[in-house]
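Asker: Show me how the following folds:
(chains A, B, C and D)
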2 protein chains.
Amino acid sequence: MGTRSIKEVAQLARVSVGTVSNVLNRPEIVSPATRERVFEAIRELGFVRNEVARHLRVGRSRTVGLVVLDVSNPFFADVAQGAEAVADEHDTMMMLCNSSADPDRERRHLDQLEQQRVLGILITPVDAASPRLAELTARGTPVVLVDSAATGMQCSVAVDDRLGGQVAAAHLIERGHRRIAFVGGPFSIKQVADRYAGASAAVEAAGEGVELVDFETAALGVAAGRAAGERLAALPERERPTAAFCVNDLLALGFLQAMSLRGLKVPGDVAIVGYDDIDFAAAAAVPLSSVRQPRELLGRTAIELLLEEVSSPGEHRHRQVIFQPDLVVRESSKALRENG
Amino acid sequence: MGTRSIKEVAQLARVSVGTVSNVLNRPEIVSPATRERVFEAIRELGFVRNEVARHLRVGRSRTVGLVVLDVSNPFFADVAQGAEAVADEHDTMMMLCNSSADPDRERRHLDQLEQQRVLGILITPVDAASPRLAELTARGTPVVLVDSAATGMQCSVAVDDRLGGQVAAAHLIERGHRRIAFVGGPFSIKQVADRYAGASAAVEAAGEGVELVDFETAALGVAAGRAAGERLAALPERERPTAAFCVNDLLALGFLQAMSLRGLKVPGDVAIVGYDDIDFAAAAAVPLSSVRQPRELLGRTAIELLLEEVSSPGEHRHRQVIFQPDLVVRESSKALRENG
DNA sequence: GCACATGTTTGAGACGATTCAAAAAAATCT
DNA sequence: AGATTTTTTTGAATCGTCTCAAACATGTGC
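Answerer: Sure, this is the predicted structure:
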């Protein structure tokens, strides 16, 4: 094809390849006249540096991988945006990969990233304990866990999911709800399990008469939420929970949709609290109460930890950063319920 | 670091590097005994093939770039998902890049992708006529335009935006609206301009007494839609459009939110039609009518065209694929309006 | 046991950029 | 003008893998 090499540039500019390389990397050590001649040749030939060759020689990549559970979840889109902003400042490229919460797809992405010898990997793992992650670290690819706490071998950035679940459930209990649905799954995903644990704890703390009812879902999208909503709506009124804590906003949105299809009022018949506080939460049929996470900050911090690890491998100490979530109360959980 | 090369594997397995390479690429030509010995060595050393070196030697990358206007718009997330599914089948990696509709960010991404010598680039360009794109093609990086028609030098996959705009406006006119707001911008984005042109045409065709009122926005997100909604709501009732055609669903969602904040009923006071039919459209406060595009299909087709071009550069003829949009009518535009 | 086909393995170049010691050229000082 | 320092430029070696012609084994038929 029309791709030129440094050699051709050298030829046209009547200098050695070493000089062309110098013009590209340390232009200040090349005499102005030569430098100009080389630039001229570059322009004329439409030369574009081959980053692959550079990488091979230098042994250091300029791209980092970010593997998320679901690109189409705005939560991750925002995390990615935060990370990319920082990457950009460091002249680093970000490869966004989507695992769809599928361990197999995740593995394939990790394989490819490792083969590409990326600078490092940011990942929201399907399973944080997977040996694959330890392997990567051991072989020299730094890994930072995003939205999931590490155990010390890696850096991680997370939000206190247990606390988030607890706050959400406590809020519903305080509003007078006694039977609360927990909507989310699969439990193998750490975030789901932690938020459940938090909600459980709040329910325990409330004592007798308050219970948490599982509505486990197979996935974490709008459709799964709708399905869970249908299941709940189908229950006879006496058994039906009067509130639902959905483990993310997509589920909550789907759940809300099901309520309105089945003629149940929100928050009158069923109150809802979601998680993530994505932009759509506030724009929903009934504006959703939601547990907010600092999304961009999560991304920013993650990549900063990674870049720090890369730039000073010697003295780097792994850190586990944990942010606090915030409950944002909106219509969907506003009504007070008289106890029965 | 702990990264091993083919040479070390060869040493441990007591074979030549050529043989190791053969085991990796054409295992069938290696005798079973040797093959097993090599695999054993690979396992023992934790060898991971260096794709960078391979790429340099072979001259052919296994990754394609996808540059979109906005990762956090679910429309693009879906396009990406469609493309990635196909990429996956072809053992190809996808780099998702976000230009945020910023020509400068777009340029930087294109530079990086070209330097990485990717197999090809799928792009929803900020400006399809940019010489940068022609340059890429000329230098040997195939480019496929996504959601934007090409002029013959490249392949492209698009949806008939003019038709979409027309259908949306015609629908509102048919419902009895005479003054229709067009919400969207900047007009420098092709999709915006085309949808506007279509809506204009429908208004023209309706004859006297029907008009299109511009509410140009600076961006295409929820916030911009909310702002436009505020502007419209602030108008005295007699001048206020009774319907709005929003150039995408994010704008429509924001717009809808503004209506409800200002106490205007949808569709009673103002009817709304959005564009893209993202999952959230159906889940909105008032389920949104929207012009649906085949999102995954767009992505699939784009990368298929690219891979075809790459695999048979000789006889490849550039194609411009155009899909038809569909109007999905929901609550937000259902009410009939008696003419005044 | 020889000629020949068939099946395996080898090892010396690429690929395109970077690096760095050494050569060459230019500038400065006696 | 010659010696010395400083500034530029050079070119060979290198990164890790693939390729391919040639070398080497093994097996077959006579």
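
Asker: Quick one: the strands in chain A, in order.
Answerer: A:63-68, A:93-98, A:120-123, A:143-146, A:155-159, A:179-184, A:211-216, A:243-246, A:271-276, A:289-292, A:320-323, A:326-328 (DSSP state E).

Asker: Can you say which of these is nearest to residue B:63?
Answerer: Among these, strand A:93-98 comes nearest to residue B:63, with 8.2 Å by C-beta to C-beta. C-beta here means a position set from N, CA and C on the backbone, and glycine is covered the same way.

Asker: what sits against residue A:38?
Answerer: Shown in contact with residue A:38 (C-beta atoms under 8 Å, 6 or more residues apart in numbering or on different chains): A:9, A:13, A:15, A:19-20, A:23, A:30.

Asker: Alongside DNA strand C, which residues does the stretch 1-150 of chain A contribute?
Answerer: A:3, A:5-7, A:17-18, A:21-22, A:24-25, A:47, A:49-50, A:53-54, A:56-58 (C-beta under 7 Å from any atom of the strand).

Asker: The same query, at a cut-off of 10 Å, please.
Answerer: Proximity of the stretch 1-150 of chain A to DNA strand C, by C-beta under 10 Å from any atom of the strand, involves residues A:1, A:3-10, A:16-26, A:29, A:31, A:33, A:47-60.

Asker: Indicate the residue of the stretch 51-200 of chain A located nearest to DNA strand C.
Answerer: Relative to DNA strand C, the nearest point of the stretch 51-200 of chain A is residue A:53 (3.4 Å; C-beta to the nearest atom of the strand).

Asker: List the contacts of the closest residue to residue A:120 other than its chain neighbours.
Answerer: In this structure, residue A:120 finds its nearest non-sequential neighbour in residue A:142, 4.0 Å apart by C-beta to C-beta, 6 or more residues apart in numbering or on different chains. Shown in contact with residue A:142 (C-beta under 8 Å, 6+ apart): A:119-121, A:154-155, A:306, A:309-310.

Asker: And the helices in the stretch 151-300 of chain A?
Answerer: Counting by DSSP state H, counting those that start in this stretch, the stretch 151-300 of chain A has these helices, from start to end: A:161-174, A:190-206, A:222-233, A:249-261, A:279-282, A:295-311.

Asker: near chain B, anything from the fifth one?
Answerer: Yes: in terms of C-beta under 8 Å from any C-beta of the partner chain, part of helix A:279-282 sits within range of chain B, namely A:279-280, A:282.

Asker: quick one: which of these is most hemmed in?
Answerer: Taking other C-beta atoms under 10 Å in any protein chain shown as the neighbour criterion, residue A:280 ranks highest of these with 26 neighbours.

Asker: what sits against the residue lying closest to residue A:47 once chain neighbours are set aside?
Answerer: Leaving aside its sequence neighbours, residue A:47 sits nearest to residue A:4 (C-beta to C-beta, 6+ apart; 4.5 Å). Contact analysis of residue A:4 by C-beta under 8 Å, 6+ apart lists A:45-48.

Asker: at 7 Å instead, please
Answerer: Residue A:4 makes contact with A:45-47 under the criterion C-beta atoms under 7 Å, 6 or more residues apart in numbering or on different chains.

Asker: got it, and residue A:112?
Answerer: Residues in contact with residue A:112 (C-beta under 7 Å, 6+ apart) are residue B:93.

Asker: where's it relative to residue A:66, distance?
Answerer: To residue A:66, residue A:112 is 13 Å away according to C-beta to C-beta, to the nearest Å.

Asker: Run through the bridge partners of the nearest residue to residue A:249 once chain neighbours are set aside.
Answerer: The shortest distance from residue A:249 to any non-neighbouring residue, by C-beta to C-beta, 6+ apart, is to residue A:274 (4.1 Å). Residue A:274 has these beta-bridge partners by DSSP bridges: residue A:290.

Asker: tell me the contacts of residue A:274?
Answerer: Per C-beta under 7 Å, 6+ apart, neighbours of residue A:274: A:246, A:248-249, A:252, A:281, A:288-290.

Asker: Got a quick PyMOL command for the buried subset of the contacts of residue A:4?
Answerer: This is how PyMOL selects the buried members of the contacts of residue A:4, with burial counted by 16 or more other C-beta atoms under 10 Å in any protein chain shown:
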select buried, chain A and resi 45+47
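
Asker: The contacts of residue A:4 into JSON lines, with extra columns for distance to DNA strand D?
Answerer: Output for the contacts of residue A:4, formatted as JSON lines (distance: C-beta to the nearest atom of the strand, whole Å):
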{"residue": "A:45", "distance to DNA strand D": "17"}
{"residue": "A:46", "distance to DNA strand D": "22"}
{"residue": "A:47", "distance to DNA strand D": "16"}
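
Asker: when you check the contacts of residue A:4 against the helices, which ones overlap?
Answerer: Under the assignment DSSP state H, those contribute residue A:45 to helices.

Asker: burial count for the nearest residue to residue A:114 once chain neighbours are set aside?
Answerer: Take residue A:114 and drop its neighbours on the chain: the residue closest to it by C-beta to C-beta, 6+ apart is residue B:48, 5.3 Å away. For residue B:48, the neighbour count with other C-beta under 10 Å is 19.

Asker: Kindly report the same for residue A:324.
Answerer: Neighbours around residue A:324, by other C-beta under 10 Å: 12.

Asker: if I read this right, it contacts residue A:158, doesn't it?
Answerer: No: applying C-beta atoms under 7 Å as the test, residue A:324 and residue A:158 come out as separate, 10.7 Å apart.

Asker: so residue A:217 touches residue A:229, yeah?
Answerer: No: Residue A:217 is not in contact with residue A:229 according to C-beta under 7 Å; the separation is 10.2 Å.

Asker: Compare neighbour counts for those two and give me the winner.
Answerer: Higher neighbour count among residue A:217 and residue A:229: residue A:229, with 29 against 24, using other C-beta under 10 Å.

Asker: OK, contacts around the more buried one?
Answerer: Contacts of residue A:229 by C-beta under 7 Å, 6+ apart are A:254-255, A:257-259.

Asker: switch the cut-off to 10 Å
Answerer: Taking C-beta atoms under 10 Å, 6 or more residues apart in numbering or on different chains, we find residue A:229 in contact with A:181, A:183, A:215, A:244, A:246, A:251-252, A:254-262, A:264, A:270, A:272.

Asker: Kindly report the same for residue A:87.
Answerer: For residue A:87, the contacting residues are A:62-64, A:66, A:80, A:93-95, A:119, A:122, A:299-300, A:303, A:306-307, by C-beta under 10 Å, 6+ apart.

Asker: okay, and the common contacts of residue A:217 and residue A:229?
Answerer: Shared contacts of residue A:217 and residue A:229, defined by C-beta under 10 Å, 6+ apart, comprise A:183, A:246, A:251, A:254-255.

Asker: where's the dip in pLDDT among the residues you listed?
Answerer: Note: of these, the lowest pLDDT belongs to residue A:254, at 93.

Asker: Show me how to select, in ChimeraX, the buried members of the residues of the stretch 1-150 of chain A next to DNA strand C.
Answerer: In ChimeraX syntax, the buried subset of these is picked out as below (16+ other C-beta under 10 Å):
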select /A:3,4,6,8,9,10,19,20,21,22,23,24,47,48,49,50,51,52,53,54,55,56
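
Asker: So which of the residues of the stretch 1-150 of chain A next to DNA strand C sit within helices?
Answerer: Cross-referencing those against helices under DSSP H gives A:6-10, A:17-25, A:33, A:51-58.

Asker: what about the residue lying closest to residue A:297 once chain neighbours are set aside, neighbour count?
Answerer: Leaving aside its chain neighbours, residue A:297 sits nearest to residue A:82 (6.3 Å; criterion: C-beta to C-beta, 6+ apart). With neighbours defined by other C-beta under 10 Å, the count for residue A:82 comes to 19.
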